[in-house]
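>>> Dropping the sequence and predicted coords here.
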Amino acid sequence: MNPRFSVVIPAFNAAATLARAVESVRAQSWPAHEIIVVDDGSADATAEIAAGFDGVRLIRQKNSGVSVARNAGAAAASGDWLAFLDADDWYAPDRIKLHAEWIAEDAALDFLTGDYEYRNETGTLLGTSMAQHESGRMM
């Protein structure tokens, strides 16, 4: 089975960062099934930027907060797996592929997470967060 990932990007006044987030999903070595941007009542050009990408579904809602925006994207998703990406973050090029490989290794998985790198605007690494599975395997 080839898992299909729906990537949900909640966005509020994210005109300065949204394009990088979307491009990081579009550049994945394992293509996303769909990209859904939920504009949470932005007052800037967030919705226009999202609408400018072919193949990106835009959902607009009144400002209700990031959790409501994530839930709206999840409700609209049609993939087998949900992946969330904040509008001011970006994915490493093999993130979805790595998660697809984990699913192939263990079909009983219900939830996946991964490492996080914290970088500033210039790309300087500020720190990392390594998730660990109960089996002891680093994720």
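Arrived safely.

>>> Could you export the worst-scoring helix or strand of the chain on mean pLDDT as PDB, CA atoms only?
When the helices and strands of the chain are scored by mean pLDDT, DSSP states H and E, strand 116-119 comes last with a mean of 75. Below are the C-alpha coordinates for strand 116-119, written out as PDB (Å, rounded to 0.1, in the frame of the first residue of the first chain):
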ATOM      1  CA  TYR A 116      12.600  18.900  14.600                       C
ATOM      2  CA  GLU A 117      15.300  21.300  13.900                       C
ATOM      3  CA  TYR A 118      15.000  24.900  15.100                       C
ATOM      4  CA  ARG A 119      16.500  27.400  12.800                       C
END
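
>>> got the residue ranges for the strands in the protein?
Per DSSP state E, the chain carries strands over the ranges 5-11, 34-40, 56-61, 81-84, 116-119, 125-129.

>>> Run me through the strand neighbours of the fifth one, direction for each.
I take that to be strand 116-119. Applying DSSP bridges to the sheet, strand 116-119 is found paired with strand 125-129 (antiparallel).

>>> re the thing from before, show me what the least confident helix or strand of the chain is in contact with.
For strand 116-119, contacts defined as C-beta atoms under 8 Å, 6 or more residues apart in numbering pick out 92, 125-129. The way it works is simple: take the backbone N, C-alpha and C, and place the C-beta from them, glycine included.

>>> How about stretch 97-109?
Defining contact as C-beta under 8 Å, 6+ apart, one finds that stretch 97-109 is touched by 1-3, 5, 28-30, 81, 83, 112, 114, 139.

>>> redo that, cut-off 10 Å
Contact with stretch 97-109 is made by 1-5, 28-31, 80-81, 83, 92, 94, 112-115, 133, 135, 137, 139, as judged by C-beta atoms under 10 Å, 6 or more residues apart in numbering.
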